[in-house]
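In: sequence first, then the predicted structure, then my questions.
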Amino acid sequence: MNGVRYFHGGFGGLTVGQFVLPPATTKAPSTARFGAAGVCNTNKVYVCTDMHGALIYACMHWSGRGKLYEVEPIGELGPDPDAKVPGMSFECDRARVIRVLRIKGKTIKRVQKIVLEDA
């Protein structure tokens, strides 16, 4: 990789070496779809260069058991059409998990509270 680190926040249960696959493949609900229903492409996986941005998606995962992953994007890396900051969020075909970052339960609850207050 080029020194840039990429993160994905989503469903827990993946291990190092497994792939984050698009919701269209897994048939799982997409967290991104709820906030960006008009532009979210369910055939893509979304990755972020900001760990805290991905942390929000992990904490807001509908299962309540989201995880934060450091990933290697696979396929062409394109800009996320919903990203407010250029160069921070991207879409790709899939992503290989290179590290799993555990999130404490109290962190999940704190992030959920903040996001819901801002809604």
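Out: Noted; the coordinates are in hand. Numbers count the residues shown, from 1 in each chain.
In: wouldn't residue 86 be in contact with residue 80 here?
Out: No - contact between residue 86 and residue 80 fails when scored by CB atoms under 8 Å: they sit 9.7 Å apart. Where C-beta positions appear, they are placed from N, C-alpha and C, glycine not excepted.
In: okay, those two: which has more neighbours?
Out: residue 80 (21 against 8; other CB atoms under 10 Å).
In: wait, that one sits on residue 91?
Out: Yes - applying CB under 8 Å as the test, residue 80 and residue 91 come out as touching, 5.5 Å apart.
In: residue contacts, residue 9?
Out: 31, 48, 53-61, 66-69 (CB atoms under 8 Å, 6 or more residues apart in numbering).
In: closest one of these to residue 106?
Out: Each of the contacts of residue 9 was scored against residue 106 by CB to CB, and residue 59 proved nearest at 10.8 Å.
In: from the contacts of residue 9, which has minimum pLDDT?
Out: Of all these, residue 31 carries the smallest pLDDT score, 62.
In: related to what we said a few turns ago, anything in contact with each of residue 80 and residue 91?
Out: Shared contacts of residue 80 and residue 91, counting by CB under 8 Å, 6+ apart, come down to residue 46.
In: can you give me phi and psi for residue 62?
Out: phi -60, psi -20 (degrees, to the nearest 10).
In: now do the same for it: its pLDDT.
Out: 71.
In: how many residues are close by residue 24?
Out: 12.
In: that one contacts residue 43, doesn't it?
Out: Yes - using CB under 8 Å, residue 24 is in contact with residue 43, at 4.7 Å.
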